[in-house]
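**Student:** coordinates only, sequence not included:
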């Protein structure tokens, strides 16, 4: 069907006003209707011509040059549906015909539309009811002919030979929105039905399991239903979070310490001692930025909200403070008031008391900071002003007790042995235990046996082993070779599938293998682990005297290095699967029952420091070399070839006497030595050693580069010789900026000495043009010579 | 007893000389010697301070009135003198040619005169 023809044989004449302006002008002969809507000043598009809905001028639609015109995406389905519904509801419902939309988008660019939708709708509808207007996201409007698609296959391209985007059909728009909605509803219903089915199945299975054991506590029938809902809705760890003092797991001493500390704040918070009342801490979930952090602290400690929700004073608890930035702890410190609160001070919450700091931040509320690692650097300053309370690890007995309470409340049957095994497996972590119990519960188990505990791998925390524990693991033979097949999370899954009877298939060596492998893999920094192993492995007691183990270990280290290099160089990070086997190899080679103390590795750092130091020395030296020699002195060549010999050249034998007594040859030698040193811009500088001696050191100290600790040091120049070289020769006149010698008149030390002083000869020789050239020199002597007596004979007078 | 006669050179007044006292030595730049060469320039400032410029040194001095004036004696040895009216050969006579009543003393350290002060780089 040619575009532009409407059903019912109606001719679809584009209303005059909506045609391209050019055509309107062209059709000046025909009646010229002024456009009904204001024109948008847009550049006319060529494609306008093609949107010709007059049937008499029907021609072949030219090819859509789609590369040039961008295809605007269809408007959102809501809009479209709204548009459709509105239009269709009005137009088409009586006839019941569903219009199909033709969407040749490349032809959609129609210009000269009115900005107001209502206007166009009215105008379009008035002129021709078979239109629908579509607005693109850019505001471009298109008028689309509606006609029934008898085939009802969706969108069809009228230009079948044109490769259309997405093939011949656009199915999404071919389907009506209503049917799409229906589909979605149907799917959701399906899913709900399935869910319900599953629930009823579980209920049925539970019902059958209940018959065997009588549940003494709680109503088991309604428990599962509630329990299901409850377990899906809230975690047991939250539900069973301690709310009373008796529910705390830490030992009594720690608890009492904390309470006592909190009571000490009574004075500041309430202004007086209160009888036994515990301030209830309000815990705020904090994952805040620094500004928010500050405002939170302020809010908790200073502002009116200091009274909190329940009319009780706030106590701020900050968790994981070792992860906070250093600034955070400084903010807290800034807020610190005096630890010794004035006993008579008023307990006004905000701004009361003396203002110690510009912010007037006197801490009036206790702040409790919780951290995992008290030696984190960000906490250093905070630690100095805080009261430290160290929480010892939870006692298993306490934990078991608590778990029993929990399981009792939830209707699970457990016995202390099982719970003890669970505690051991999770390494006394309360959350892991409760999570495991909840998981087992949610899977329908009401009775927990040892086997369940051993077999489940859920609920275990991701552990990061400390470095020292890893090294200990590597170098120490495990004491008790317990058969902990099922309990060891380090063992691979397939070994767990073996029944209890097959425990013997896993030898203790493989156990150790997997154990160490797991430890090595779970340590965060592999680099540091390897460095620690390298630093410590020679301090162990080696069993074989042939040092074969040492060679093997060194091979492994080289391998590790190669792996790391290859992985990072070519970014083949799959190679990083292999490095964790290095600690295992070390364990096999070196583990013994008795290990010496393991030291933290520092050799890498030291070596790196020294290397950078040497590099700097060479750099300084090279940058100071005179240009004439610089071309031949590359750092590498200098270091490897020339430097040692240069240092030998710079240390000739010089007699430790005054230079005046040198022979010409020696003077020459000295001069050439000084010349060489100048060329390399080396000099001797006097320095004071820590023990008070003065020595001359070469500057820059390139002796360091050539000195190896085991080799004999070369004989250095004597102190006097160095002094000789370092001090300038006495007859060197000072020159001003222009190179002229600055004349200094030197004075004889005492009055009455009739004699010249030294040092003027050179002045005379080197004097340049002087002011007022005169033929005489005046040599000044300080002091008068009146007191000098001379003998005078009378005969001289006669 | 030795007698040395000191008499005035001429009947009129004697010349007034001024003694310049420098604390130091004067040396000749060239090997020609000192005689006949220019020493320097003597100026007086508006306050009356004498200023001596020797070479590229400048010295400031002051005028001191001598408590015991000096007399400049010129020795006249017999043999190249006329005989006196007695016809006898007189002995050595000293003639006073000038009197020195003031001296200019330069005792401060000379300052160098630098014509071209290099600008700071």
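**Tutor:** The structure has been received and is ready for your questions. None of these values were measured; they are calculated from a predicted model.
**Student:** After the helix or strand bottoming out on mean pLDDT in chain A, which helix or strand is next? Please name it.
**Tutor:** Taking mean pLDDT, DSSP states H and E as the measure, helix A:760-766 is the helix or strand of chain A with the lowest mean score, a mean of 40. Sequence order places strand A:776-780 as the next helix or strand after helix A:760-766, per DSSP states H and E.
**Student:** what number of residues lie near residue B:21?
**Tutor:** Residue crowding around residue B:21 was assessed by other C-beta atoms under 10 Å in any protein chain shown; the count is 13. All C-beta atoms are positioned from the backbone trio N, CA, C, and that covers glycine.
**Student:** Need the three-state assignment for the closest residue to it other than its chain neighbours.
**Tutor:** Counting by C-beta to C-beta, 6 or more residues apart in numbering or on different chains, residue B:21 lies nearest to residue B:105, which is 4.8 Å off, once chain neighbours are set aside. Put simply, residue B:105 is strand when judged by DSSP: H, G, I helix; E, B strand; the rest coil.
**Student:** burial of residue B:105, as a residue count?
**Tutor:** Neighbour count for residue B:105, taken as other C-beta under 10 Å: 17.
**Student:** Over to residue A:741?
**Tutor:** 16.
**Student:** and it, what are its phi and psi?
**Tutor:** Backbone torsions for residue A:741, taken as degrees, to the nearest 10, come to phi -80, psi 130.
**Student:** That one and residue B:114, how far apart?
**Tutor:** Applying C-beta to C-beta, to the nearest Å, the value for residue A:741 to residue B:114 is 12 Å.
**Student:** how about residue B:69, what does it touch?
**Tutor:** By C-beta atoms under 8 Å, 6 or more residues apart in numbering or on different chains, the contact list for residue B:69 reads B:99-101.
**Student:** next one: residue A:512
**Tutor:** Applying C-beta under 8 Å, 6+ apart to residue A:512 gives the contacts A:477-478, A:587, A:591.
**Student:** In ChimeraX, how would I select the buried members of those?
**Tutor:** Only the buried entries of the contacts of residue A:512 go into this ChimeraX selection, using 16 or more other C-beta atoms under 10 Å in any protein chain shown:
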select /A:587,591
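**Student:** Output the contacts of residue A:512 as JSON lines; include the columns distance to chain B, secondary structure and pLDDT.
**Tutor:** Converted to JSON lines, the contacts of residue A:512 look like this (distance: C-beta to the nearest C-beta, whole Å; DSSP: H, G, I helix; E, B strand; the rest coil; pLDDT from 0 to 100):
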{"residue": "A:477", "distance to chain B": "74", "secondary structure": "coil", "pLDDT": "82"}
{"residue": "A:478", "distance to chain B": "75", "secondary structure": "coil", "pLDDT": "75"}
{"residue": "A:587", "distance to chain B": "69", "secondary structure": "helix", "pLDDT": "89"}
{"residue": "A:591", "distance to chain B": "71", "secondary structure": "coil", "pLDDT": "84"}
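**Student:** I'd like the next helix or strand past the one helix or strand residue A:516 maps to.
**Tutor:** For residue A:516, the enclosing helix or strand under DSSP H and E is helix A:508-522. Next along the chain after helix A:508-522, taking DSSP H and E as the criterion, comes helix A:526-536.
**Student:** Mind listing residues that contact that following helix?
**Tutor:** Identification of contacts with helix A:526-536 by C-beta under 8 Å, 6+ apart yields A:467, A:470-471, A:474-475, A:520, A:523, A:557, A:560, A:579-580, A:582-583, A:586, A:598-604.
**Student:** same check, this time on stretch A:561-575
**Tutor:** A:576, A:578-579.
**Student:** where does chain B come near chain A, residue by residue?
**Tutor:** B:2, B:4, B:22-30, B:32, B:34, B:37-41, B:53-57, B:59, B:75, B:91-92, B:107, B:109-110, B:112-116, B:118, B:121 (C-beta under 8 Å from any C-beta of the partner chain).
**Student:** switch to 6 Å and redo it
**Tutor:** B:23-29, B:37-40, B:53-57, B:92, B:109-110, B:112-113, B:115, B:118 (C-beta under 6 Å from any C-beta of the partner chain).
**Student:** Of those, select the buried ones using a PyMOL command.
**Tutor:** The PyMOL command for the buried members of those (criterion: 16+ other C-beta under 10 Å) is given here:
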select buried, chain B and resi 23+24+29+39+40+53+54+55+56+57+110
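**Student:** now, which of the residues of chain B next to chain A lie within strands?
**Tutor:** B:24-28, B:53-54, B:57, B:112 (DSSP state E).
**Student:** Taking these together, which two end up most distant?
**Tutor:** Spatially, the most separated pair among these is B:28 and B:112, at 19.8 Å (C-beta to C-beta).
**Student:** measure stretch B:108-119 end to end?
**Tutor:** End-to-end distance of stretch B:108-119 (C-alpha to C-alpha, to the nearest Å): 28 Å.
**Student:** Looking at that stretch now, give me its mean pLDDT.
**Tutor:** The pLDDT scores in stretch B:108-119 average 80.
**Student:** And stretch A:616-635, by the same measure?
**Tutor:** pLDDT averaged over stretch A:616-635 gives 85.
**Student:** May I see the buried residues of it?
**Tutor:** Across stretch A:616-635, burial judged by 16+ other C-beta under 10 Å covers A:617-618, A:621-622, A:625, A:633.
**Student:** Run through who's touching that stretch.
**Tutor:** Where contact means C-beta atoms under 6 Å, 6 or more residues apart in numbering or on different chains, the residues beyond stretch A:616-635 that reach it are A:639, A:679-681, A:700, A:702, A:705.
**Student:** Just the buried ones among those, please.
**Tutor:** The neighbour count (16+ other C-beta under 10 Å) marks A:639, A:680, A:700, A:702, A:705 as buried among these.
**Student:** Look up how far chain B lies from the first one.
**Tutor:** Relative to chain B, residue A:639 is positioned 36 Å away (criterion: C-beta to the nearest C-beta, to the nearest Å).
**Student:** Three-state assignment for that residue, please.
**Tutor:** helix.
**Student:** still on that earlier bit, now, the contacts of helix A:526-536 that are in helices?
**Tutor:** Mapping those onto helices (DSSP state H) picks out A:467, A:470-471, A:474-475, A:520, A:557, A:560, A:582-583, A:586, A:603-604.
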